[in-house]
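1. Output the structure for:
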Amino acid sequence: MEMNEGMPLTDFQKLYETVFPILFRVAFRIAGTEDAAEDLCQEALFRLYEKKMVFPNLEEAKYWLLRVVKNASLNYAKRKDRERKVYQKAFREEHRVEESGEDTLIKKEEAENVKEALKLLPENLRAVLILKEYAELNYKEIGKTLGISEGNVKVRVFRARERLSAILQKREKNDVS
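-> A predicted model of the protein is given here:
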């Protein structure tokens, strides 16, 4: 494997036969489809052969290929996830129905009820809920903003939602009675 021109064909064939099943399992677990896994493995092997890469032994080539396939598979999975989200968003937007004046009024009243109920929450619970739901920050960002741990943020968001729900249910009962 130490030839300057790259890997001899016989070594490449041996590497392919030994490593391809392992590469395929890794790619399949991450990418989720056989076709994608096969393509990702083939691309990695092609890169190795095309670039005429030289490794001290077959094990080093195997480890390099595993890293390349793992990274390519993760990138593929992220890209597919982003595409799926875009398609879902586009699909939802295409099927929007015109709201009636009554629906708009009901939504406005519900939003006002939630705003009023939020005012009844203690400041520490109200702050995390506003940052989570209205500012759309994630738990880590909320923690940094408020100077508390991510775990504490999760607990506070949970408690705030519970209390808010209880307040809204109580108000609904009072309105119905």
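
2. Buried residues, stretch 49-64. List them.
-> Within stretch 49-64, the residues that count as buried by 16 or more other Cβ atoms under 10 Å are Phe55, Leu58, Ala61, Lys62, Trp64. The way it works is simple: take the backbone N, C-alpha and C, and place the C-beta from them, glycine included.

3. who's in contact with the worst-scoring helix or strand of the chain on mean pLDDT?
-> In the chain, the helix or strand scored least confidently by mean pLDDT, DSSP states H and E is helix 101-119, which has a mean of 80. Residues outside helix 101-119 that contact it (Cβ atoms under 8 Å, 6 or more residues apart in numbering): Glu99, Arg126, Leu129, Ile130, Leu164, Ile167, Leu168, Arg171.

4. buried subset of those residues?
-> Applying 16+ other Cβ under 10 Å to the contacts of helix 101-119 flags Arg126, Leu129, Leu164, Ile167 as buried.

5. wait, which of the residues you listed is closest to Leu40?
-> Ranked by distance to Leu40 (Cβ to Cβ), those are led by Leu129 at 41.8 Å.

6. how far away is that closest one from Val157?
-> 6 Å (Cβ to Cβ, to the nearest Å).

7. Repeat that for Ile167.
-> In terms of Cβ to Cβ, Ile167 sits 16 Å off from Val157.

8. Please apply the same query to Ile22.
-> 42 Å.

9. So for these two, which sits in the more crowded spot?
-> Per other Cβ atoms under 10 Å, whichever of Ile22 and Val157 has more neighbours is Val157, with 18 against 14.

10. so what's the more buried one up against?
-> Val128, Leu129, Lys132, Tyr139, Ile142.

11. could you redo the last one with a cut-off of 10 Å?
-> With contact taken as Cβ atoms under 10 Å, 6 or more residues apart in numbering, Val157 is in contact with Leu125, Val128, Leu129, Leu131, Lys132, Glu133, Tyr139, Ile142.

12. Which strand or helix spans the third one?
-> In the assignment (DSSP states H and E), Leu129 maps to helix 123-129.

13. In the longest helix seen in the chain, which residues are buried?
-> Longest helix of the chain, by residue count under DSSP state H: helix 58-94. By 16+ other Cβ under 10 Å, the buried positions in helix 58-94 come out as 58, 61-62, 64-66, 68-70, 72-73, 76-77.

14. With pLDDT and distance to Phe46 added, can I get those residues in CSV?
-> Converted to CSV, those look like this (pLDDT from 0 to 100; distance: Cβ to Cβ, whole Å):
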residue, pLDDT, distance to Phe46
Leu58, 79, 18
Ala61, 83, 14
Lys62, 83, 16
Trp64, 89, 14
Leu65, 87, 11
Leu66, 89, 16
Val68, 90, 11
Val69, 90, 12
Lys70, 92, 17
Ala72, 91, 12
Ser73, 90, 15
Tyr76, 91, 16
Ala77, 89, 20
